[in-house]
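1. 3D model of this:
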Amino acid sequence: MNKDTTLSRRERKKEETKQSILRTAIHFFQTQGYDATTMEQIAESVDLSKVTLYNYFPSKELIVAEFFQSMSHQFVDQVLDMLAKLSTTRSKIYEYFRGQFEWNRQYRELLQVYFVHQFQSMLHPEAYQNSGMDQVLAQIISYGQEAGEIRRDLPTEYLAKHLEIMYVMEFMVWILEGDSWNPEQHLGAMVDLFMNGAENKR
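-> Residues are numbered from 1 along each chain as shown. You can find the predicted model right below:
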């Protein structure tokens, strides 16, 4: 057995353990609540020592962050083909955000934890993990600029970042308001605001 094969097996084992931790932790978070779940409980359930668990994830917050990062990248991989079939920039933006909402709505409590973690990470760029959303939005906006639907005097990345921030703010409103928040109405209004601005055009 050569060294590369041994390393590969070791890396696969580490990844399997990591995924087992994630599945177990998210199950506990969803069934008994985030605050009620302890690292000790997670470690015992996956048959690891607490020290080993902390080597993988030093905190519950980092477990949640890893989960949403992984989910976000999976969603991006699945949604790109669907977006390519839509004919307008407005429909691409709306359907992307609607899909994101449907994907995440079952994890409302955990999203609060994730947003706090992401905002704190922004203060430490070396620790910040990009979800990939801005890259997808940049692709959509670039399409819109080429199609003449979006202005070209502002950089694509600038517009994508501001659109991402608008969505995050809507998501925070949903977390606070719960079931009274209507996704079709609010996401539609957000996309309209981005595409048309706030100016009263008479």
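
2. Could you identify the helix or strand that succeeds the helix or strand containing Gly144?
-> Assigned by DSSP states H and E, Gly144 belongs to helix 133-146. Remark: after helix 133-146, the chain's next helix or strand is helix 156-177, criterion DSSP H and E.

3. number of nearby residues for the spatially closest residue to Leu53 that is not a sequence neighbour?
-> In space, Leu53 comes closest to Ala43 once its chain neighbours are excluded; the distance is 4.2 Å by CB to CB, 6 or more residues apart in numbering. (Each C-beta comes from the backbone N, C-alpha and C, glycine too.) Other residues within reach of Ala43 by the criterion other CB atoms under 10 Å amount to 20.

4. What of Glu149?
-> Counted with other CB under 10 Å, the neighbours of Glu149 add up to 14.

5. Please report how far it lies from Leu176.
-> 32 Å (CB to CB, to the nearest Å).

6. need the contact list for Ile21.
-> By CB atoms under 8 Å, 6 or more residues apart in numbering, Ile21 lies in contact with 42, 46, 48, 53, 56-57, 63.

7. so where do the helices sit in this structure?
-> With DSSP state H applied, the chain shows helices at 3-32, 39-45, 50-56, 60-84, 89-104, 108-121, 133-146, 156-177, 183-196, listed in chain order.

8. which of those helices has the lowest average pLDDT?
-> In terms of average pLDDT, helix 108-121 trails the rest of the helices of the chain, at a mean of 83.

9. quick one on the thing from earlier: quick one: the residue nearest to Leu53 and Ile21, what's the gap?
-> 9 Å.

10. What count of nearby residues applies to the residue nearest to Met133 when sequence neighbours are not counted?
-> The shortest distance from Met133 to any residue other than its chain neighbours is 5.4 Å, reached at Glu164 (CB to CB, 6+ apart). With neighbours defined by other CB under 10 Å, the count for Glu164 comes to 18.

11. go on, Gln30?
-> Other residues within reach of Gln30 by the criterion other CB under 10 Å amount to 14.

12. so what sits against both of Ala43 and Ile21?
-> Common contacts of Ala43 and Ile21, defined by CB under 8 Å, 6+ apart, comprise Leu53.

13. Got phi/psi on Tyr34?
-> Taking degrees, to the nearest 10, you get phi -60, psi -50 for the backbone angles of Tyr34.

14. Is it correct that it is in contact with Ser59?
-> No - shown here, Tyr34 and Ser59 do not form a contact pair, counting by CB atoms under 8 Å, at 11.8 Å.

15. Please report how far the residue most central in space within the chain lies from Val79.
-> Nearest to the mean C-alpha position of the chain, by CA atoms, centre = their mean, lies Ser72 at 4.2 Å. Ser72 sits 10 Å away from Val79 when distances are taken as CB to CB.

16. likewise Glu102?
-> The gap separating Glu102 from Val79 is 11 Å, by CB to CB.

17. Quick check on the two: which one has the bigger neighbour count.
-> Shown here are Glu102 and Val79; by other CB under 10 Å, Val79 has more neighbours (17 against 11).

18. Of Tyr34 and Ser59, which one has the most company?
-> Summary of the neighbour comparison: Tyr34 and Ser59, criterion other CB under 10 Å, with Tyr34 having more neighbours (18 against 11).
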